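> A structural model of the following input is requested.
(chains A and B)
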Amino acid sequence: MILFDLGLAVLVLGVAAWTIAAREMFSAVVGYVAYGLLLAIVWVRLYAPDVALTEAAIGSGVTGVLLVVASKRLSLLPQADAPPGRGLKRAAAALSVLVAGVLAAAVLTLPDPAPSLAPEADRELAATGLGNAVTAVLIAYRSFDTMLEKVVLVLAVVGVWSVAPDRFWGGRPAPLGPPRPDAALVFLARVLAPIGIVIGVQMFWVGADEPGGAFQGGAILAAMAMIVMMARLTEPPRIDSGRLRLALIAGPAVFLVVGLAGPLMAGSFFAYPAGFAKPLILFIEGFMVLSIAVTLPLLVAGPPSRKGEE
Amino acid sequence: MTPAETTTAGGALLVLAILLPAAGILASFALGGRNAEKIALGSAPLALLIALAILAEVWRSGRPIVYAIAGLSPPLGIALRADGISAAMLVTTALIIPAAGLYARAGFATPPEKRESRKALTFWIMLQAISAALAIVFVSGDLFNLYVALELLTFAAVPLACVEGRAETYAAALRYLLFALFGSIFYLLGCALLYGAFGTLDIALLAERMRPLPAVTAAAALMTAGLLAKTALFPLHIWLPPAHANAPAPASAVLSGLVVKGSFFLTVRLWFYVLPALPAAGFDAILGALGSAAVVFGSVLALRQARLKLLIAYSTIAQIGYLFLIFPLASGLHPWTVDGWNGGMMQVLAHAFAKAAMFLAAGLLYESLGHDKIAKFSGAARAMPMTFLTLGLGGLSLMGLPPSGGFAAKWLLLRASVASGQWFWALVLLAGGLLAAGYVYRILAPALSSHPVVLKAPPRRAGEAIALTLALVAVALGFAPESFFQLIAIGRPGLATAGLP
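All right, here's what the predicted structure looks like:
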């Protein structure tokens, strides 16, 4: 196995170097996606399957689509100013090497075995009724962080929309795919989407006890929505749609309301009543899956760029 | 587990201070249109009440108030903790945000023919997001929770900087975003190293377990570099002038008055609360030296600006510089650190009010004159006396002339630098005051001439009153009673023995 790990490490570094050196924007994006997938394997080797799933779904998948769409839109623009000069590139490289070196040196001096909260997180697991300690950290022990991170996602959507021209406010983002999508893509979207939806919901559902959870499940659902939109089987929604807005805030809003009701149910904000924690956690997660599945495709689709009627 | 880690009386207020604006963001977005403005302004009095209640409880109990979220104490759970400076900053935020909001009603109303407009919805949501983010910054006791606060702050501040939607605001906001994200990543890397070394992210527990490991030095350097980029301390300041000067006036007031103080506050939390046990005299001196360079550099560039808003933005770079004198003047256990601490914190508050007032006044000038070119201000003070009074009073505090909060701040810092024998910082304080006098004079002198001036529109009385009120608060801070300094000492580590030889 040590050979596999060494090979993996070399491959990660190689792909990273290739991504930086790539001259074409599109090749750099491809390199970045491959880099993310390799990192996911690294996380599996580090016994962190939850992180691996997230890295593959978000770090590689959604970010990859985002970068592909962005590079396509950028290539349509007239060539921008001069590329960064040699001095700036060298300075950036020097800074990166410095930070990487400091990090590597610091990590090597960390105490061994590392102090960890994992045993404590496992011990408290029984009170939540969950089997996956990672889900317990996200939705129980540090639920406050998770709720606030979902509010950040809402802000991200508003921030992306806010760069639209005023006249398009209330309209739709640009279509994700070409006017006449490839027949193969349409076929893929029709076949893959139903399967993906089942897998996404399954990943959220088993997340209570196994690797997976709301974020990974939501990301898979989001990927399906993006494929369907790329095949032009459906269009990005109007941004003033009331139902869309509700879907976007459902996760953080339900989380916030349950957290606010904590003192009545369990004596403390964001506490869950004993014996009723797991159903309540799944209830919150259900709405989070919805919000994540809607948020990510909208972030990829970008600001509204046409009137709603078109 | 130390007793300080369990919920105290009034602890629930800390959760409410965060959840109120967070709920406001969600409701504003879902209901949309004019509701966003109503929710943002309607919830402001409640936010002020919560902030005042927290202040009263900290003052009454004489020690920090704590809330263990979900009843779980750290390290597994997250604890919120408000001490004297938290309370003071919460109240400051709860005053300046609604002031900017009331001022913005004229420019950020939804047009009557529309159900919802881009500018209005973005502004009112992001204004509440800044309240939420700063509330977390001021009361959280957990380094990762504070990272979430930094993310909220970034995603709120950047859209505010380009809410006008002009090309140059997008360029400025993009640069701001890059610096802010760079700062977030560095901060997060440092958090990961600290967790790896000590197995907790709770500030109080970290302080207890702190040992001088190489990883701690690396974490401190990374986190500080990240926070400095967000605070726009020289030489990481280049994003600030275009971002703050091109934003609409009420957004500039909030960005310059409050947002940069958020990351400064975290730098203080890091060095005085997490790392006081770290022998790092070098770091203190570096931060003080960078602050001094910022004072000189920012002031000189402010002197050279042709546009008022850019002048005020460069002045922010200089005034941020003073804040960093707190590191050499208030760290360690010395008799003078009380003055250093009080002076630094007074500078935070005085600059927040003075700078917010000046940006609002600059916005009024722009509306009435149709430009903000200083060379063409001749005679404007006769047409807009209240606006120039605001600029003058705000300038008084920036220069550090009595009576004003800025004077109190610089006097205390000066006393600390003399008492500690660090005369170098005293020179910086005096030079900065002279340069500030120069750039404030540049604004006021032409305006006071008797040159006739034609206004495009009469100044908005309500806007003038709001700006003047903020400037008056900056002046009134100069009369802060002894009890104010007792308040901001509550919960400050290392203070109990500070007066001893």
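> show me the strands in the stretch 151-300 of chain B, by range?
Taking DSSP state E, counting those that start in this stretch, the stretch 151-300 of chain B contains no strands at all.
> which stretches of it form helices?
If DSSP state H, counting those that start in this stretch is used as the criterion, the helices of the stretch 151-300 of chain B fall at B:167-198, B:203-209, B:214-231, B:240-246, B:249-254, B:260-268, B:281-303.
> helix or strand with the lowest mean pLDDT in the chain?
All of this refers to chain A. helix A:125-128 (a mean of 84; mean pLDDT, DSSP states H and E).
> my bad, chain B
Scanning chain B with mean pLDDT, DSSP H and E, the lowest is helix B:380-383, at a mean of 88.
> how many degrees apart are the following helix or strand past it and helix B:281-303 in direction?
Following helix B:380-383 in sequence order, the next helix or strand is helix B:385-399 (DSSP states H and E). Inter-element angle recorded for helix B:385-399 and helix B:281-303: 150 degrees (by axes from the mean of the first three to the mean of the last three Cα atoms, to 10 degrees).
> hmm, back to that, which strands and helices lie in contact with the least confident helix or strand of chain A?
helix A:133-136, helix A:277-301 (3 or more Cβ pairs under 8 Å, 6 or more residues apart in numbering or on different chains; DSSP states H and E). Glycine gets a C-beta too; all of them are placed from N, C-alpha and C.
> I'd like the helices of the stretch 151-300 of chain B laid out as a markdown table, including distance to chain A.
Listed next are the helices of the stretch 151-300 of chain B as a markdown table, based on distance: least, Cβ to the nearest Cβ, whole Å:
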| stretch | distance to chain A |
| --- | --- |
| helix B:167-198 | 5 |
| helix B:203-209 | 9 |
| helix B:214-231 | 4 |
| helix B:240-246 | 14 |
| helix B:249-254 | 12 |
| helix B:260-268 | 15 |
| helix B:281-303 | 15 |
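> which of those sits closest to B:Gln319?
B:Gln319 sits nearest to helix B:281-303 of all the helices of the stretch 151-300 of chain B, at 7.5 Å, using Cβ to Cβ.
> in the closest one, which residues are buried?
Buried residues in helix B:281-303, counted by 16 or more other Cβ atoms under 10 Å in any protein chain shown: B:283-284, B:286-299, B:301-303.
> just stretch B:197-209 next, same as before
B:Ala197, B:Phe198, B:Gly199, B:Thr200, B:Leu201, B:Asp202, B:Ile203, B:Ala204, B:Leu205, B:Leu206, B:Arg209.
> how about these, which pair is most distant?
Every pair of those checked by Cβ to Cβ; the farthest is B:Ala197 and B:Ala204, at 16.1 Å.
> tell me, how many residues neighbour the residue in chain A positioned nearest to chain B?
Closest residue of chain A to chain B, Cβ to the nearest Cβ: A:Pro115 (2.9 Å). Using other Cβ atoms under 10 Å in any protein chain shown, A:Pro115 is surrounded by 14 other residues.
> let me see the contact set for it.
By Cβ atoms under 8 Å, 6 or more residues apart in numbering or on different chains, the residues touching A:Pro115 are B:Ala197, B:Phe198, B:Gly199, B:Thr200.
> please tell me I have it right and the third one contacts A:Ser116.
To tie it back to what came earlier, the one meant is B:Gly199. Yes: B:Gly199 sits in contact with A:Ser116 when judged by Cβ atoms under 8 Å, with a separation of 5.7 Å.
> can you show me the helices along chain A?
A:2-21, A:25-45, A:49-54, A:63-75, A:86-108, A:118-123, A:125-128, A:133-136, A:143-161, A:183-206, A:214-230, A:242-266, A:277-301 (DSSP state H).
> any chance of these in JSON lines, with distance to B:Ser43 and mean neighbour count too?
Listed next are the helices of chain A as JSON lines, based on distance: least, Cβ to Cβ, whole Å; neighbours: other Cβ atoms under 10 Å in any protein chain shown:
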{"stretch": "helix A:2-21", "distance to B:Ser43": "46", "mean neighbour count": "13"}
{"stretch": "helix A:25-45", "distance to B:Ser43": "40", "mean neighbour count": "18"}
{"stretch": "helix A:49-54", "distance to B:Ser43": "34", "mean neighbour count": "21"}
{"stretch": "helix A:63-75", "distance to B:Ser43": "34", "mean neighbour count": "16"}
{"stretch": "helix A:86-108", "distance to B:Ser43": "41", "mean neighbour count": "12"}
{"stretch": "helix A:118-123", "distance to B:Ser43": "36", "mean neighbour count": "12"}
{"stretch": "helix A:125-128", "distance to B:Ser43": "32", "mean neighbour count": "16"}
{"stretch": "helix A:133-136", "distance to B:Ser43": "33", "mean neighbour count": "22"}
{"stretch": "helix A:143-161", "distance to B:Ser43": "15", "mean neighbour count": "23"}
{"stretch": "helix A:183-206", "distance to B:Ser43": "33", "mean neighbour count": "16"}
{"stretch": "helix A:214-230", "distance to B:Ser43": "28", "mean neighbour count": "24"}
{"stretch": "helix A:242-266", "distance to B:Ser43": "14", "mean neighbour count": "19"}
{"stretch": "helix A:277-301", "distance to B:Ser43": "23", "mean neighbour count": "22"}
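> could these go into JSON lines alongside distance to B:Phe264?
Below are the helices of chain A laid out as JSON lines (distance: least, Cβ to Cβ, whole Å):
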{"stretch": "helix A:2-21", "distance to B:Phe264": "34"}
{"stretch": "helix A:25-45", "distance to B:Phe264": "34"}
{"stretch": "helix A:49-54", "distance to B:Phe264": "32"}
{"stretch": "helix A:63-75", "distance to B:Phe264": "31"}
{"stretch": "helix A:86-108", "distance to B:Phe264": "23"}
{"stretch": "helix A:118-123", "distance to B:Phe264": "34"}
{"stretch": "helix A:125-128", "distance to B:Phe264": "38"}
{"stretch": "helix A:133-136", "distance to B:Phe264": "34"}
{"stretch": "helix A:143-161", "distance to B:Phe264": "21"}
{"stretch": "helix A:183-206", "distance to B:Phe264": "40"}
{"stretch": "helix A:214-230", "distance to B:Phe264": "32"}
{"stretch": "helix A:242-266", "distance to B:Phe264": "28"}
{"stretch": "helix A:277-301", "distance to B:Phe264": "30"}
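> how about A:Ser177, nearest residue that isn't a chain neighbour?
No Ser there; residue A:177 is Gly. A:Met230 (4.0 Å; Cβ to Cβ, 6 or more residues apart in numbering or on different chains).
> same check on B:Asp202?
B:Asp202's closest residue in space is B:Pro74 (Cβ to Cβ, 6+ apart), at 3.5 Å.
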